[in-house]
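> Fold the following, please.
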Amino acid sequence: MKQLLKQVFSSKKHHYWLVLPFVTFILAASLFVTPALATGVYQMPNLAADNSTWIIDQGEIVSRLNEGKIGSTFENLAKQTGNEVRIVTVRRLDYGETPESFAKALFEKWFPTKAAQANQTLLVLDTVTNGTAIITGDKVKSLLTDSIAESVATETVSAPLRDGNKYNQAFLDASDRLVAVLSGNPDPGPPKIADKVQVEGTFKKAGETDRGNATAWVVGLLIAATVIPMATYYIYQINQPSSNG
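Presented below is the predicted three-dimensional model:
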């Protein structure tokens, strides 16, 4: 009877070790669900009561130094001209959403009336596709025409991204161009790609950080899920009393 119970217990333990790697894999995979969640307009925060929000960097691609610099530039523009610019970055959009549809919906959420929209400009970037969109109010169109706005999104922002995902440079260039145009100065046009001091370095690229860390963790957990149960079961077996003892 004692020998039979020992065999049953050993058999159950054996099944536990077979199932454990799969359970561990499921738990490991669940750790990486959150970064992949999509962003919808309903998840975006409202603007501050004093409208002092200039950049919402959910994609985490703009350095703190440059975020402060761009924010100060936009704040000065608003004080001097009444024209306001905001930049939004997101990691991933809801299924079926495009940068254009997201930007339009967010623009209407933040500025629900034509009067509120009149002096506003909103620039949006999706870091998964590097897709861009820009929405402008009616009053600024006399300065920031649709063709210039389109050029800002597709040339000023996109060119540095094609040259190695230089997000900081893209937004510094875009802010310089937008501020010049919205201040009534001649359009400087899309700049040539050139490195700027303290542009890259505070953050890694979003895709580089997410994919690199996720892959390393999954591989490590898979190895652990396979090796640890086998080693534990082996140690358990060799430490059992001999059936002849």
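
> And the chain, what are its domain boundaries?
Segmentation of the chain into domains, based on automatic domain parsing, reads 2-11+19-35+207-238, 41-203.

> contacting residues around stretch 130-146?
Identification of contacts with stretch 130-146 by C-beta atoms under 8 Å, 6 or more residues apart in numbering yields 83, 98-100, 102-104, 107, 111, 114, 117-126, 149-150, 152-154, 157-158, 161, 165, 178, 181-182, 184. All C-beta spots, glycine's among them, are computed from the backbone N, C-alpha and C.

> Show the buried residues in those residues.
Among those, those classed as buried by 16 or more other C-beta atoms under 10 Å are 83, 99, 102-104, 107, 111, 117-126, 149, 152-153, 157-158, 161, 165, 178, 181-182.

> Now Arg177: which helix or strand?
Per DSSP states H and E, Arg177 falls inside helix 167-182.

> got the buried residues for that helix?
Of all the residues in helix 167-182, those buried under the rule 16+ other C-beta under 10 Å are 167-175, 177-182.

> Same check on stretch 85-103?
For stretch 85-103, burial by neighbour count (16+ other C-beta under 10 Å) applies to 85-93, 97, 99, 102-103.

> Grab the two from those residues that are most spread out in space.
Comparing every pair within the buried residues of stretch 85-103 by C-beta to C-beta identifies Val85 and Arg92 as the most remote, at 23.9 Å.

> residue boundaries of the strands in the protein?
Listed in chain order, the strands of the chain (DSSP state E) span 55-57, 84-90, 120-126, 131-136.

> List the strands paired with the third one, with their directions.
Partner strands for strand 120-126, per DSSP bridges, with pairing direction: strand 84-90 (parallel), strand 131-136 (antiparallel).

> closest one to Trp54 among these?
For Trp54, the closest of these is strand 84-90, at 5.7 Å, according to C-beta to C-beta.

> quick one, that closest one and helix 167-182 angle?
Angle, strand 84-90 to helix 167-182, by axes from the mean of the first three to the mean of the last three C-alpha atoms, to 10 degrees: 160 degrees.

> What is the neighbour count of the residue nearest to Gln169 when sequence neighbours are not counted?
Using C-beta to C-beta, 6 or more residues apart in numbering and skipping the chain neighbours, the partner closest in space to Gln169 is Pro160 (4.4 Å). Residues lying near Pro160 (other C-beta atoms under 10 Å) number 25.

> who's in contact with Pro160?
166-167, 169-170, 173, 193.

> Now do the same for Glu200: its pLDDT.
What the model reports as pLDDT for Glu200 is 49.

> ok so, going back, can you lay out the strands of the chain as CSV showing distance to Phe74?
Output for these, formatted as CSV (distance: least, C-beta to C-beta, whole Å):
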stretch, distance to Phe74
strand 55-57, 8
strand 84-90, 5
strand 120-126, 9
strand 131-136, 14
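
> and Gly39, how many neighbours?
In this structure residue 39 is Thr, not Gly. 19.

> which stretches of this protein form helices?
2-30, 64-81, 99-110, 114-117, 146-151, 158-162, 167-182, 206-238 (DSSP state H).
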